[in-house]
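Q: Quick one, structure for this:
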Amino acid sequence: MIVLISPENDIPNELPLLHQLFEEGLQCFHLRKPKRSIGDYEKYLSQLDEKYHHKVVIHEHYQLLNKFDLKGIHFPERTRNQLLSDNKIHLNYRFVKTTETIDFQIDKNKTSSTSFHDISVLEQCPIAFDYQFLSPVFTSISKENYRGKQFDVNSISKKVIGLGGIDKSNIGKLQKLGYSGAALMGGIWKSPSPMADFKEMQQHF
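A: The predicted structure is shown next:
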């Protein structure tokens with residue numbers, strides 16, 4: 001499984017490149033634009049060909065899930081902790097009713113995911129997410145001073161997607177470390193040859 005995460009800030013030709021990646025076989029795209037308004041998210045999704053909406057996961061503004069018939073939602077660490085602290089939540093998941101931040105019902109056909117930065121926290125989480133990111137596996141391409149930890153997840157039964165510093169030079173190491181997939185950011189958006197690199201990395205997952 002390869003997941004592409006959007007750049008935090010818009011970059012030139014972002015949407016045309018994203019369309020090309022979908023056409024090349026990208027199956028999952030995480031729309032993550034911190035602090036952007038719901039209007040900004042709607043504008044972005046409206047510019048994306050509707051036939052790809054079912055491949056998009058959003059990190060904020062969850063009410064857009066059903067409006068655009070998206071793939072699913074992602075719970076950042078802070079939001080996940082909010083879920084866990086709310087005694088109204090059924091911890092076997094498939095949320096019924098929640099908080100002011102998350103005020104919708106999620107269809108059983110939609111996916112949910114979350115992010116971790118610590119293996120022990122990931123293992124102990126009682127919510128059964130469809131998949132989870134663990135980072136940083138390698139030193140980040142997009143963030144300064146974000147050193148890779150090369151977490152080994154072979155002993156973990158959950159579906160773990162490696163995130164952090166992944167590009168064509170190191171993606172081959174992920175399977176040996178036990179990951180079910182790779183989450184890409186800088187390895188695509190900062191690459192001088194993103195399409196060629198994506199095609200090469202596709203061969204690993």
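
Q: Run through the helices of this structure in chain order.
A: Secondary structure of the chain (DSSP state H): helices at 14-23, 38-47, 64-67, 77-85, 119-124, 186-189, 194-202.

Q: which one of those has the most crowded surroundings?
A: helix 186-189 (a mean of 21; mean count of other C-beta atoms under 10 Å). Placement of C-beta: from N, CA and C, glycine included.

Q: Next one, pLDDT for the residue most central in space within the chain please.
A: Nearest residue to the geometric centre of the chain (C-alpha atoms, centre = their mean): His30, 4.6 Å. Note on His30: pLDDT of 98.

Q: Just grab the bridge partners of it for me.
A: His30 has these beta-bridge partners by DSSP bridges: Ile5, Val57.

Q: Contact partners for it?
A: Neighbouring residues of His30 by C-beta atoms under 8 Å, 6 or more residues apart in numbering: 3-6, 56-59, 74, 183.

Q: That one and Gly72: what is the separation?
A: For His30, the distance to Gly72 equals 9 Å [C-beta to C-beta, to the nearest Å].

Q: which residues do the two both contact?
A: Shared contacts of His30 and Gly72, defined by C-beta under 8 Å, 6+ apart, are found at Val57.

Q: Counting neighbours, what do you get for Pro34?
A: Per other C-beta atoms under 10 Å, the neighbour tally for Pro34 reads 9.

Q: oh sorry, the question was meant for Pro76
A: 15.

Q: hang on, it packs against His59?
A: Yes: look at Pro76 against His59 with C-beta atoms under 8 Å: they come within range, at 6.3 Å.

Q: That's all I had, so thanks and see you.
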